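Enquirer: take a look and give me a structure for this.
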Amino acid sequence: MRLKALTLNVAHGAPFAVPMPFLRRRSALLGTLNQMAALLAREGADVVALQEADRSSLFSGGVDQVAHIAEQAGYPHVHHGVHSGVPGLFAQGTALLCRHPLESCDSAHFGRDRRVDKGYVVATLAVGNGLEVVSLHLDPFSAAVRRRQVDQLIQALRQRPERPRVVMGDFNAEDVGGPVDRLCSELGLHTPADGEPTYPIPNARQRLDQVLGSHALRFTRYARLPDAVSDHHAVVAELVPRED
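Expert: Numbering: from 1, shown residues only. A predicted model of the protein is given here:
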């Protein structure tokens, strides 16, 4: 199975200021979400990972950002995890959008270490060999917290059936021995070493957003997209089963 995957931190639809969508005009908020959806529709990825993505609430400006992007971009299958929420006030988290049905869906926030809206969602694609996909968002402030969060994810994924896996999202670090290295060593993942910086737009300096794949998968494309629809660049990757 050939898989095209894309990850994007949508910054609550308010990417170039304090991320408070309820302070934006509704037309401006919807305009930003439409730009994100247009990017996704243009790229045509099989599965998309979103971070800092909100369901309808006071904080989101009354807009279900996840549903809006999915509908506009043509993704019929959605799995969203609320990692921080109070009914009616805010419902923040990560999401997976997919062209194929999703099975074995799960979601978790990082408890005392979640730092507002940090956590992950995981699901299995109901096609091919049942590839597992993860959308992940880690803490931006503390390496120790990120380590605990990654260990929590590793433990959870090890409880699921063994299968090829793609983990993507905003890792909020690029340090040697950090979350990417730990996930790769513990879960048998890899990622191209020559990826470009993804944050912040317009002068990206840090490679925070990445796509990791099992060693059973080979990358045939890995690219940072130039579009300025958020304060993070989107990253797109294409993977195929390794033949050797």
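Enquirer: alpha carbons only: can I get the longest helix anywhere in the chain in PDB?
Expert: Criterion DSSP state H: the longest helix present in the chain is helix 26-43. Extracted C-alpha coordinates of helix 26-43, given in PDB (Å, rounded to 0.1, in the frame of the first residue of the first chain):
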ATOM      1  CA  ARG A  26     -15.800  35.100  11.800                       C
ATOM      2  CA  SER A  27     -15.100  35.800   8.100                       C
ATOM      3  CA  ALA A  28     -11.300  36.000   8.800                       C
ATOM      4  CA  LEU A  29     -11.400  32.800  10.900                       C
ATOM      5  CA  LEU A  30     -13.300  30.900   8.200                       C
ATOM      6  CA  GLY A  31     -10.900  32.300   5.500                       C
ATOM      7  CA  THR A  32      -7.900  30.900   7.300                       C
ATOM      8  CA  LEU A  33      -9.600  27.500   7.700                       C
ATOM      9  CA  ASN A  34     -10.500  27.500   4.000                       C
ATOM     10  CA  GLN A  35      -6.900  28.200   3.100                       C
ATOM     11  CA  MET A  36      -5.900  25.200   5.200                       C
ATOM     12  CA  ALA A  37      -8.500  23.000   3.600                       C
ATOM     13  CA  ALA A  38      -7.400  24.200   0.100                       C
ATOM     14  CA  LEU A  39      -3.900  23.100   0.900                       C
ATOM     15  CA  LEU A  40      -5.100  19.600   2.000                       C
ATOM     16  CA  ALA A  41      -7.300  19.300  -1.000                       C
ATOM     17  CA  ARG A  42      -4.400  20.200  -3.300                       C
ATOM     18  CA  GLU A  43      -2.000  17.700  -1.800                       C
END
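Enquirer: list the helices and strands the helix or strand that that helix is followed by packs on?
Expert: Using DSSP states H and E, the helix or strand that follows helix 26-43 in sequence is strand 47-54. Packing partners of strand 47-54 (3 or more C-beta pairs under 8 Å, 6 or more residues apart in numbering; DSSP states H and E): strand 3-9, helix 65-73, strand 90-98, strand 132-137, strand 165-170. Yep, even glycine has a C-beta here, placed from its N, CA and C like the rest.
Enquirer: how far does strand 47-54 sit from the chain's center?
Expert: When distances are taken as C-alpha atoms, centre = their mean, to the nearest Å, strand 47-54 is centred 5 Å away from the chain's centroid.
Enquirer: cool, thanks, signing off.
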